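# Any chance you can model this:
(chains A and B)
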Amino acid sequence: MDTLTRRRFLIASGVAAGGALAAGGTAYGLHEILNFRRPDTGLRGKTLVLVTLYGGNDGLNTVIPYADPAYAAARPGMTYPHDQILDLDGAFGLNPGLAGLHGLWQQRRLAIVRGVGYPKPNRSHFQSMDIWQTAQPDRPGTTGWLGRWLDQAGRDPRLAVSFEPVLPPLLAGATTAGATVPGGAVKLPATVTPQVLRAVSGTSAGEPPAQARAAACFADLIRVQDLMNDVAAASDADADDEDTGDDSAATGTGGAAPPLDAQLALVTKCIEAGAATRVYSVSLGGFDLHADEKNAQQSQLAKLDKPLSAFAQRMAGRDVVIAVYSEFGRRVRANASDGTDHGTASSMFLIGAGVPGGMYGQAPSLTDLDDGDLRYTVDFRDVYATLLADVLDAEPQRLLDGWDGRLQLG
Amino acid sequence: MTDRPTAAHLLRRLTFGPTASDVDAAVADGADATVAKLLAPATAPQFPDLGADPFGALAHDAGREARQQARQQVRAQVTAATWWWLTAMAGATTPAGRAAEKLTFFWHGHWATSVQKVRSATLMLTQQQTFRRYGLGDTGAMVRAMLRDPALILWLDGQRNTRKAPNENLARELMELFTLGVGHYTEADVKAGARVLTGWQVDRAAGRATLAAKRHDDTPVTVLGQAGVHDVDTYAGVLVRHPAHLPFLAGRLWLRYASGDPAPAEAIRRIAASGRDTATMLRAMVTDPAFPATRGHLVKQPVEWLVGAVRQLGIDLTKLPDKQRPRMTGMLRSLGQVPLRPPSVGGWPSGDAWLTTSSVQARLRAGQALAALTDGPLDDTPVRERVDALARLLVVDGWTARTRAALDQVAAQPRKLLALGLATPEYTVH
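This is a model prediction of the structure:
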């Protein structure tokens, strides 16, 4: 990155309060900008990259308990030959589509948390996704777990960025929402000039709070636009506003996200440019495989594996932690069409700074089932609590309704 | 006679839009007569004929291909139904019709049911007929009808709720989200309520729900302290007579019609005390002393924003070329609110949730597309008068100095002015 771009980036990364911007785009001293970057501890802190797999990824076909005879018995016609399964520890192996992650495992950099779920599992895609995204299994509320973090981390939408077209609920706070930058670029009609945006972003004494907030969004947009102009020149994901009629997502977020590799390329740029963003939300859909699953699952997992393992390799040595989850796993027993129906507990992947590779959590039994489904052994809030505390330097109990469990890593 | 800001405020809340001429009429009629006209019964629009329900027509042993085909047919029907609804929202020709469109959308968000799980456009429109039939009236009739509504039953697993295996989904949401609010019932009430609701089966081909006696538990139970509850009608009666019911509903009306800020307790008490039917409660709300102060405190939902803009800009949706239709629904998708597809049973978010960086972008882009569909309503206005003419056209009470300065920058280009006007903070809230 050349010096000029770097400098613009620093300016874009500094919290330029909406009011200050409105006063005419005041120039900031380097000192103030660096102050934002070191708010309390003098450290910039780690970055969390959260990967959401929409559709309910079949955990048993991802981290395969191939040595357990109950597995083959439950899924005749769906199992892979043993020599194709990428062995982990003699009992479990990764799906043949996950060669890149297997490489990370061999480098002891892939953590697999088994049996992750929550009480009274909900088998509806969107309700279970709501539960995961709000971290409120009893009654999913209106704020996401990372949105609540954002509320107390300074109300700057650039702290949590999504490259999906609609804000994922997990980034919606009570007072702040993460920045949504579909396609990684701020797309405005050519006629909307920065001067106009700046003019609308100003404050006006005595206006109602909601109207002031609407004006502040213009200021946020300018900041996000600056950020993205600097980091996302290469993005050409030109998804238009056309209604694609896409019915597959079943997420409540709607819209089709750009491919995962495009999303992760943008994350890479932001991180390598030193953006102050602490959380990136990326996603991949298409895991709802009720029929003819075996081959489809392998190619679907490959769509995750290649970009994710490349990203993880590139981020090696940086303060970046990746977490991968889906709203639920699938039923243990295959259905009559060689697919699996909606299930419960599944595995999560964690990769990155301060995450020793290995197996975590107890693998659920394939025979002691809850109405045909796995019994969870790790509450997903334990994993969230660890991410909040260890990656985002936050107090998990404040953000997780008092939840005091914690997954111990290492 | 009433003053223009008062009339505009009333119409912005009770209808989509409104247009400047709607406001002219309300100013001339005065507030009382306007409210009376708006809350009068309306004739429902002609519903579309979508054809047979594809899943209803499907044989039990239908293969994958047939199911795939049915899915595609459903998708086409949902697209048609959504488009029809948008044209109905924008096309109402009387004050009562316009208020009914807004109210129908309110009820859709209240009894938030998504076609994503119901998978039938026909059943979604059947539900909407119930909203239109009972929307202004006694809340008991609405609750009784909704407990027999096939789409709601499918949505909340009612057909899986049987004497042998009760499913509590519907009973819980019925009390928490539809009638009483959290904190006014116990887990025992949920269990008892679920038993009362057992046995309802949806017949997709016939498009209705029927009670299967063998699956129904007809043992009378005690719900909310009332003994002898044994069917949906007695259960509905207990719910709507519960002291929490009308205050709860008043709060929900306030949230969508008045303000995103917490409602003043006194206003809620007054509205709840006004009567048991929705028209009376709405009348009490818009005439409440706390109502005038809500101006500017409600963020428009995307559907309100889009349909209002379509009306004010004079865009005739029925004359739009077919290829433009996906563009309109695409705007709603980008803005995050597609009718018939609420994100969850809790309905759509409110307030600041609609104010994001991507929603500003979406409004700016949609504003440009909408402006291009007009016949240039500001073209003939002298440049120096255009910014004020825009306020009249969009029924904005006035621009802040900030926004006026921004609009002045583009006033020479009328379509650009229209587009920016639709994205302004003053137009984003109402």
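# Please name the nearest non-neighbouring residue to B:Met285.
B:Ile271 (5.1 Å; Cβ to Cβ, 6 or more residues apart in numbering or on different chains). For every residue, glycine as well, the C-beta is placed using N, CA and C.
# can I assume the one you found is in contact with B:Leu253?
Yes: if you go by Cβ atoms under 8 Å, B:Ile271 and B:Leu253 touch, sitting 7.2 Å apart.
# shared neighbours of the two, which are they?
With contacts taken as Cβ atoms under 8 Å, 6 or more residues apart in numbering or on different chains, B:Ile271 and B:Leu253 have B:Met281, B:Met285 as neighbours in common.
# how much space is there between the closest residue to chain A within the stretch 101-250 of chain B and A:His125?
Of all residues in the stretch 101-250 of chain B, B:Gln116 sits closest to chain A, at 6.3 Å by Cβ to the nearest Cβ. Look at B:Gln116 and A:His125: by Cβ to Cβ, to the nearest Å, they are 9 Å apart.
# which parts of the stretch 51-200 of chain B sit against chain A?
B:Arg64, B:Arg71, B:Arg75, B:Thr79, B:Ser114, B:Gln116, B:Lys117, B:Val182 (Cβ under 8 Å from any Cβ of the partner chain).
# Just the buried ones among those residues, please.
Among those, those classed as buried by 16 or more other Cβ atoms under 10 Å in any protein chain shown are B:Arg75, B:Thr79, B:Ser114, B:Gln116, B:Lys117.
# On the pLDDT front, check the first one for me.
In other words, B:Arg75. Note for B:Arg75: predicted pLDDT of 95.
# And the next helix or strand past the one helix or strand it maps to?
Using DSSP states H and E, B:Arg75 sits in helix B:64-91. Going down the chain from helix B:64-91, the next helix or strand is helix B:95-110, by DSSP H and E.
# what helices or strands is that following helix leaning on?
Where contact means 3 or more Cβ pairs under 8 Å, 6 or more residues apart in numbering or on different chains; DSSP states H and E, helix B:95-110 is packed against helix B:4-14, helix B:20-29, helix B:31-38, helix B:64-91, helix B:121-134, helix B:302-312.
# Would you mind finding the most buried of these?
Among these, helix B:302-312 has the highest mean neighbour count (mean count of other Cβ atoms under 10 Å in any protein chain shown), at a mean of 25.
# How far does it sit from its chain's centre?
Put simply, helix B:302-312 sits 13 Å off its chain's centre (Cα atoms, centre = their mean, to the nearest Å).
# residues in contact with it?
Here helix B:302-312 makes contact (Cβ under 8 Å, 6+ apart) with B:12, B:16-20, B:86, B:89-90, B:101-102, B:105, B:300, B:317, B:328, B:331-332, B:335-337, B:339, B:354, B:359, B:363, B:366-367, B:370, B:393-395, B:422, B:427-428, B:430.
# who does the first helix or strand past it going along the chain touch, helix- and strand-wise?
Using DSSP H and E, the helix or strand that follows helix B:302-312 in sequence is helix B:325-335. Other helices and strands packing on helix B:325-335, by 3+ Cβ pairs under 8 Å, 6+ apart, are helix B:64-91, helix B:302-312, helix B:357-373.
# Dump helix B:325-335 to CSV, keeping only the CA atoms.
The C-alpha coordinates for helix B:325-335 follow below in CSV (Å, rounded to 0.1, in the frame of the first residue of the first chain):
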residue,chain,number,x,y,z
ARG,B,325,-41.7,-5.6,-11.4
PRO,B,326,-38.7,-7.6,-10.1
ARG,B,327,-37.0,-4.3,-9.7
MET,B,328,-39.6,-3.0,-7.3
THR,B,329,-39.6,-6.1,-5.2
GLY,B,330,-35.8,-6.1,-5.5
MET,B,331,-35.8,-2.7,-3.8
LEU,B,332,-37.8,-4.1,-0.9
ARG,B,333,-35.4,-7.0,-0.7
SER,B,334,-32.4,-4.6,-0.6
LEU,B,335,-34.2,-2.5,2.0
